[in-house]
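> Show me the folded form of this:
(chains A and B)
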Amino acid sequence: MSTFMQQLINGITLGSIYALISLGYTMVYGIIKLINFAHGDIFMVGAYIAYLSVTYLKLGLIPSLIISMMFCSILGMLIEKFAYKPLRNSPRISALITAIGVSLLLENLMQIVMGADSRVFPRLVDEKNYHLFQSKIVINNKQIYLLIITIILMIILNFVVKRTKVGKAMRAVSQDMDAARLMGINVDTTISYTFAIGSALAAAAGVLVGLYYNTINPLMGVLPGLKAFIAAVFGGIGIIPGAMLGGFSLGIIETLVSGYGSSMYKDAVAFALLILILIIKPSGLLGKNIKEKV
Amino acid sequence: MKKRLLVYSVFIIVLYLIIMLLIKIGIIDDYIKLNLFLIMLNIILAVSLNLINGITGQFSLGHAGFMAIGAYTTAVLTTLEKPVPFYLTVLIGGLFAMICGLIIGLPVLRLRGDYLAIATLGFGEIIRVIIQNIDYLGGASGISDIPQGIDWTGYFVITVLSVVVILNIINSSFGRAMIAIREDEIAAEAMGINTTLYKVLAFMIGAFFAGVAGSIYSGSFGFIQPDMFNFFKSIDILVIVVLGGLGSISGSIISAIVLTIISALLQDYPAVRMVLYSIILIIIMLFRPQGLMGTKEIKLSKLIPIGGEKNA
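Below is the predicted model of the structure:
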């Protein structure tokens, strides 16, 4: 039982990272129906920006988190403007291939600029372990930081989407882009904002991963990016609460698999989960079935 | 028709003889020969992926997984105590990949577009992870000392056979059905085409040739490990197909040759090579999404006037 609780706590920690990344996937997919393959690499760039600002500017956790989020918002908007916007009316496969291209570009540019080796992420907080229930369960203070920052960001996102004008425009555009345009909403700006917000969340996840695992490398975004996409599909892509649900579930499932089975199989299990959900309920756990238009 | 066949045969035989001669004289050294092998491999992989992605319009990202199946089949069968003859293992590897293509294709091909892409990507990775976790297959460090069972002639013959078979499939009624599915799946279904059958068939044939490519890879390079067949390998093949034109077999062949040469020149700078690949992908999609050739084919018989076929 205590092992289970321990795995559950680790799973929630991992899941909050997946949830943060998959929010960006889901928002972008909800609006322009594009799987933004480069999203996982924005996550990686976020980690590197924080690394640089900690090492060279000697900043603390929160300032470097904010710098990294701002940088990645701009990066996300630029990518959208130059790579995805010209393809708005092309077949979706063209946009998907472009997204793969952008993803490769970010990974390899980072390899050229920063080198292909892993780097040690500076220790920003002193590690403390809290022992609970006669020290059967251990909680790390980093895990607590991670969870708190994730929850704060999610509350902010919820506020932005539900209460602000930008959020209202985003919901309108994801409902029906043409109708929204007729109602006087600037669709391009709204899409730009969506990319900015999604990328900022990914950057935050990147910084938290750097903090938690102490190591970053240019390819660190590939697998978490794919996993976060799986999480988004699992919860129902395009639905924000679905992304959170999917992220946490995937994190917990993954740690349980590595806790009770083999950690080698955890990636395979994630992909198997994706294929199962696509076959059984393609719209995801929280999604509704939509009839296909001819 | 006969004239066209003659032109093609003569061209292929002359090409084979020239390169054979160059190898014999020593102008083509081992290094160039290695890259020739890679070009041939990439042609098989690209043409077979094009059958799935370009001709049938089903976007698959798991080609490297099928290649891994073929590669490991050959590696295992030729390192047994009583080794199976190499060319038999190529066939077995291909068939094995084909069966996996059937098993994967039946459920997954119900999905469309980007979902299909992700699901096939997932399957490719699952195949790789499973191989990595089987101790008998050497785990992450792979299998080395695979006996070399193929030379230039074998490579050439297998490549030509693959291309000819796939071209014949495309030009048959099967191919017409596949193209119909690419153009409009719902309309094709309404016209009485069994779309599931043809989609799964294309997937299986593509998987077969990917398996064959994997087999001859391990039979000529002597060393394989699971990481060689990861997601990035699938992307490599995708870049070739997209650059050449989704739906153009000659485009795939040309871009396989060009991109393999570029990779060979840049092999000391892998990151630069990948940056170049990614920029090619983005630029192609932005400015010429149909690829260099679109769906057009270069017909040899049209280039050579004697063999020209007026109403081709």
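
> Which secondary structure element is home to the residue of the stretch 101-250 of chain B found nearest chain A?
Using Cβ to the nearest Cβ, the point where the stretch 101-250 of chain B gets nearest to chain A is B:Gly122, with a distance of 3.4 Å. Yep, even glycine has a C-beta here, placed from its N, CA and C like the rest. With the criterion set as DSSP states H and E, the secondary-structure element containing B:Gly122 is helix B:113-133.

> and that helix, C-alpha only, in CSV?
Written as CSV, here are the backbone C-alpha positions of helix B:113-133 (Å, rounded to 0.1, in the frame of the first residue of the first chain):
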residue,chain,number,x,y,z
GLY,B,113,-4.8,12.1,-41.2
ASP,B,114,-2.9,13.3,-38.2
TYR,B,115,-4.3,10.7,-35.9
LEU,B,116,-3.1,7.9,-38.1
ALA,B,117,0.3,9.6,-38.2
ILE,B,118,0.5,9.6,-34.4
ALA,B,119,-0.8,6.0,-34.1
THR,B,120,1.7,4.6,-36.6
LEU,B,121,4.4,6.6,-34.9
GLY,B,122,3.3,4.9,-31.7
PHE,B,123,3.5,1.5,-33.2
GLY,B,124,6.9,2.1,-34.7
GLU,B,125,8.1,3.1,-31.2
ILE,B,126,6.4,0.1,-29.6
ILE,B,127,8.2,-2.3,-32.0
ARG,B,128,11.5,-0.6,-31.1
VAL,B,129,10.9,-0.7,-27.3
ILE,B,130,9.8,-4.4,-27.5
ILE,B,131,13.0,-5.3,-29.4
GLN,B,132,15.0,-3.3,-26.9
ASN,B,133,13.6,-5.3,-24.1
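
> Buried residues, that helix. List them.
B:113-132 (16 or more other Cβ atoms under 10 Å in any protein chain shown).

> Could you do stretch B:68-86 as well?
For stretch B:68-86, the neighbour count (16+ other Cβ under 10 Å) marks B:68-78, B:86 as buried.

> got the end-to-end distance for that stretch?
Start-to-end span of stretch B:68-86 (Cα to Cα, to the nearest Å) is 16 Å.

> before we move on, what about stretch A:277-285?
This stretch, stretch A:277-285, spans 8 Å end to end (Cα to Cα).

> quick one: is it near chain B?
Yes. With Cβ under 8 Å from any Cβ of the partner chain as the threshold, stretch A:277-285 lies in contact with chain B, specifically through A:278-279, A:282.

> Next, format these as TSV and append secondary structure, pLDDT and neighbour count.
Formatted as TSV, the entries for the residues of stretch A:277-285 next to chain B read as follows, by DSSP: H, G, I helix; E, B strand; the rest coil; pLDDT from 0 to 100; neighbours: other Cβ atoms under 10 Å in any protein chain shown:
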residue	secondary structure	pLDDT	neighbour count
A:Leu278	helix	80	23
A:Ile279	helix	79	13
A:Pro282	coil	75	17
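
> so which of those comes closest to A:His39?
Comparing those against A:His39 with Cβ to Cβ picks out A:Leu278 as the nearest, at 18.9 Å.

> one step back: which strands and helices lie in contact with the helix holding B:Gly122?
With contacts defined as 3 or more Cβ pairs under 8 Å, 6 or more residues apart in numbering or on different chains; DSSP states H and E, the packing partners of helix B:113-133 are helix A:92-114, helix A:222-235, helix A:266-280, helix B:63-78, helix B:86-108, helix B:231-244.

> Appreciated, that's everything.
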